[in-house]
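Participant: Build the 3D model from these lines:
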Amino acid sequence: MFIGNAKAFILLWFCCSKQILSWSPVPLRTSELLVYRFKQGIVNEQARDRHNYKISQATFQLSATSVNSRQEVSSPISFNAIKGVNALVVGGSGRVGGSVVVQLVKRGAAKVTVGGTSRDSFEKSLKRWIALWPDIFPTTTIIDFVALNREDSSTVAQVLQSPIKYDIVIHTAGPFQGKVKTTNGVLEACVQQNVPYIDVCDDYCTAMAAKSNYANKTNVPCIVSTGCWPGVSSLMAKQLVDLHLKQNQNNSPSDLTMKYSFFTAGSGGAGSTLLVATFLILSEKALAIRNGRRIEIPAMQEYDQVNFGTVVGDKDVAHLNLLETASIFDNLGVANIETKFGTAPSFWNTLLGLMAKLPSDLLANEPLMTKLALFSLPLVRIVDYFAGATNAMRCDVYVTDNPEINSMALYAHENLEPCVGECVVAFCAALLAGGVKPGIWFPEEAIEAGEDAAAVLKLSSVGAHTTQASGSSPCVSTASVWGIQSAYSTAN
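Facilitator: Numbering: from 1, shown residues only. Below is the predicted model of the structure:
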């Protein structure tokens with residue numbers, strides 16, 4: 001049975017590969033044609049200039065043609081909290097981890113240690129960072145490597161007990177999909193050694209296991225499931241719900257419906273680890289909340305078209321089992337929630353939909369999915385070259401019985417790789433600024449709505465070309481949600 005399914009799977013992938021190789025890219029939006037320098041690096045400065053924004057090491061400054069001003073919020077959360085810190089980035093040699101390392105260096109960290117299993121991988125990544133960002137890496141003295149096993153707390157604890165006093169540990173190797181039964185040695189060591197912790201976990205059950213196992217044992221603040229989505233997406237939701245309830249005091253969260261839409265062009269420049277996580281998630285039905293009840297919906301089957309602003313435009317999205325559905329329901333109490341995802345070119349959506357119809361035990365076979373990810377990576381890179389790496393997310397909230405009372409928040413970035421680093425480091429700033437109490441929290445639990453959430457969202461948007469919020473009430477604005485005076489791009 002399994003052999004037959006595997007053969008069918010390989011045949012499906014072969015057919016789709018032929019479609020990829022025979023595909024002639026049609027003219028796409030400028031934002032989707034931007035590609036990495038040096039094979040999937042950061043978008044070049046000329047591309048950024050076309051969108052009228054630029055990044056400096058200290059601050060993000062918008063040109064006068066892009067935005068009139070940025071509102072200052074009174075929250076103590078800022079990038080100043082990063083200056084002079086010692087950070088351990090577990091998995092820092094990967095695409096996600098590397099983007100975090102770069103952002104920490106840009107924001108003035110004193111020491112960044114990359115923890116992993118392979119010094120060779122670290123050396124290759126270091127050369128890539130220096131090639132891509134020579135102005136950020138005039139010297140490499142603040143970056144080093146240490147060997148550790150992220151599933152063995154003793155190896156992580158040895159690093160934390162070294163002469164370097166680490167102010168924060170950032171776990172960028174997940175824990176990703178399907179790791180609920182795997183020991184999180186990084187978190188365990190941080191709890192034991194009293195070092196603040198942040199991760200990019202994308203699996204709700206894995207995150208809940210961490211909370212269950214360690215929440216009552218920690219004396220330091222820990223935030224799980226940060227990044228762009230989940231992470232920034234969770235704070236977008238919290239801001240919209242908070243503003244709605246303040247304006248409509250007769251409503252409760254149970255009166256609301258929330259619709260999440262996510263888009264990533266191509267693979268977003270993902271490495272094999274993230275591709276594996278994507279394949280594994282297709283083995284699951286998509287969770288949705290209807291009238292306070294959990295229901296399951298087939299993944300990547302029925303598509304809706306969603307507008308992601310004037311730069312990204314309209315994109316097709318379909319149900320996918322993403323962490324926000326469960327976490328927002330549990331922590332904010334919204335009674336109707338769904339999460340949808342789409343990619344481009346369109347045949348990627350078709351491929352994901354076909355894969356989702358395969359037997360779940362086949363898709364949940366991590367060793368097989370790892371082999372598939374490594375096999376498919378060259379083809380993925382070819383498509384990524386043309387499709388770009390745009391990342392966008394939109395959160396819509398409305399009164400279930402009266403949809404005319406509504407609000408929306410939107411975020412879009414030219415390149416998923418730096419986007420993730422910017423978002424993760426924004427949460428690091430919140431934690432290091434003292435804005436998070438001891439415990440293990442989801443982002444929407446860790447950060448207070450209002451000025452603190454706006455401060456984190458503002459930091460996370462330093463490289464975004466689109467940040468917007470609007471609604472039927474004037475209290476919902478880009479300023480009130482994002483801490484930014486004006487939007488860069490608008491959505492329908």
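
Participant: what sits against Leu459?
Facilitator: For Leu459, the contacting residues are 77-79, 422, 425-426, 429, by C-beta atoms under 8 Å, 6 or more residues apart in numbering. Placement of C-beta: from N, CA and C, glycine included.

Participant: Mind telling me what element it is part of?
Facilitator: Assigned by DSSP states H and E, Leu459 belongs to helix 451-460.

Participant: Show me what whichever helix or strand comes after that helix packs onto, helices and strands only.
Facilitator: From helix 451-460 onward toward the C-terminus, using DSSP H and E, the following helix or strand is strand 466-471. Using 3 or more C-beta pairs under 8 Å, 6 or more residues apart in numbering; DSSP states H and E as the contact definition, the elements that strand 466-471 packs against are helix 233-247, strand 402-413, helix 478-482.

Participant: Show the average pLDDT along the helix holding Leu459.
Facilitator: Over the span of helix 451-460, the pLDDT mean works out to 96.

Participant: quick one, it and strand 466-471 angle?
Facilitator: 150 degrees (axes from the mean of the first three to the mean of the last three C-alpha atoms, to 10 degrees).

Participant: report the angle between the axes of helix 451-460 and strand 402-413?
Facilitator: Taking the same axes, to 10 degrees, one finds that helix 451-460 is oriented at 40 degrees with respect to strand 402-413.

Participant: Centre of the chain to helix 451-460, how far?
Facilitator: Helix 451-460 has its C-alpha centroid displaced from the chain centroid by 15 Å (C-alpha atoms, centre = their mean, to the nearest Å).

Participant: would you put the C-alpha positions of whichever helix or strand Phe375 is part of in CSV?
Facilitator: Take DSSP H and E as the rule and Phe375 turns out to sit in helix 366-387. Only the C-alpha atoms of helix 366-387 are listed here, as CSV (Å, rounded to 0.1, in the frame of the first residue of the first chain):
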residue,chain,number,x,y,z
GLU,A,366,8.9,13.3,7.7
PRO,A,367,11.9,11.3,6.3
LEU,A,368,10.2,10.9,2.9
MET,A,369,9.2,14.6,2.9
THR,A,370,12.7,15.5,3.7
LYS,A,371,14.0,13.6,0.7
LEU,A,372,11.3,15.2,-1.5
ALA,A,373,12.2,18.7,-0.3
LEU,A,374,15.9,18.1,-1.1
PHE,A,375,15.0,16.6,-4.5
SER,A,376,12.6,19.4,-5.4
LEU,A,377,14.8,22.3,-4.1
PRO,A,378,16.5,23.0,-7.5
LEU,A,379,13.2,23.2,-9.3
VAL,A,380,11.8,25.4,-6.5
ARG,A,381,14.8,27.8,-6.9
ILE,A,382,14.1,28.0,-10.7
VAL,A,383,10.5,29.1,-10.1
ASP,A,384,11.6,31.4,-7.3
TYR,A,385,13.9,33.2,-9.6
PHE,A,386,10.9,34.4,-11.7
ALA,A,387,8.2,34.5,-9.0
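
Participant: For that helix, which helices and strands make contact with it?
Facilitator: Using 3+ C-beta pairs under 8 Å, 6+ apart as the contact criterion, the elements in contact with helix 366-387 are helix 2-21, helix 272-281.

Participant: so after the shortest one, what's the next helix or strand?
Facilitator: Next along the chain after helix 272-281, taking DSSP H and E as the criterion, comes strand 286-290.

Participant: Tell me the helices and strands packed up against that following strand.
Facilitator: Using 3+ C-beta pairs under 8 Å, 6+ apart as the contact definition, the elements that strand 286-290 packs against are strand 293-297, helix 323-332, strand 336-344.

Participant: Looking at those, which is nearest to Gly174?
Facilitator: helix 323-332 (12.2 Å; C-beta to C-beta).

Participant: got the angle for that closest one vs strand 336-344?
Facilitator: With the same axes, to 10 degrees defining the directions, helix 323-332 sits at 160 degrees from strand 336-344.

Participant: any chance you could map the helices in the stretch 51-200 of the chain?
Facilitator: 95-106, 119-132, 153-160, 185-193 (DSSP state H, counting those that start in this stretch).

Participant: pLDDT of the longest one, averaged?
Facilitator: Put plainly, it is helix 119-132. Helix 119-132 shows a mean pLDDT of 91.

Participant: Using CSV, write down the CA coordinates of it.
Facilitator: Taking only C-alpha atoms (Å, rounded to 0.1, in the frame of the first residue of the first chain), the coordinates of helix 119-132 have been written out as CSV:
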residue,chain,number,x,y,z
ARG,A,119,30.5,24.5,11.4
ASP,A,120,30.8,24.1,7.6
SER,A,121,27.2,25.3,7.2
PHE,A,122,27.9,28.2,9.4
GLU,A,123,31.0,29.2,7.4
LYS,A,124,29.1,29.0,4.1
SER,A,125,26.3,31.2,5.6
LEU,A,126,28.8,33.7,6.9
LYS,A,127,30.4,34.1,3.5
ARG,A,128,26.9,34.6,2.0
TRP,A,129,26.0,37.3,4.6
ILE,A,130,29.3,39.2,4.0
ALA,A,131,28.6,39.1,0.2
LEU,A,132,25.1,40.2,0.6
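
Participant: Tell me the helices and strands packed up against that helix.
Facilitator: In terms of contacts (3+ C-beta pairs under 8 Å, 6+ apart), helix 119-132 is packed against helix 95-106, strand 111-116, strand 143-147.

Participant: Within the sheet, what are the partner strands of the second one, with directions?
Facilitator: Partner strands for strand 111-116, per DSSP bridges, with pairing direction: strand 86-90 (parallel), strand 143-147 (parallel).

Participant: can you tell me which of the ones you listed comes nearest to Gly231?
Facilitator: Checking these against Gly231 by C-beta to C-beta gives strand 86-90 as the closest, at 16.1 Å.

Participant: quick one: that closest one to helix 185-193, angle?
Facilitator: Going by the same axes, to 10 degrees, strand 86-90 is angled at 150 degrees with respect to helix 185-193.

Participant: ok, residues contacting strand 86-90?
Facilitator: Identification of contacts with strand 86-90 by C-beta under 8 Å, 6+ apart yields 97, 100-101, 104, 109-116, 146, 148, 150, 156, 159-160, 164-173, 186, 428.

Participant: and of the helices and strands packed on helix 119-132, who's closest to Val399?
Facilitator: If you check each of the helices and strands packed on helix 119-132 against Val399 by C-beta to C-beta, helix 95-106 wins as the nearest, at 36.8 Å.

Participant: Understood, closing this out.
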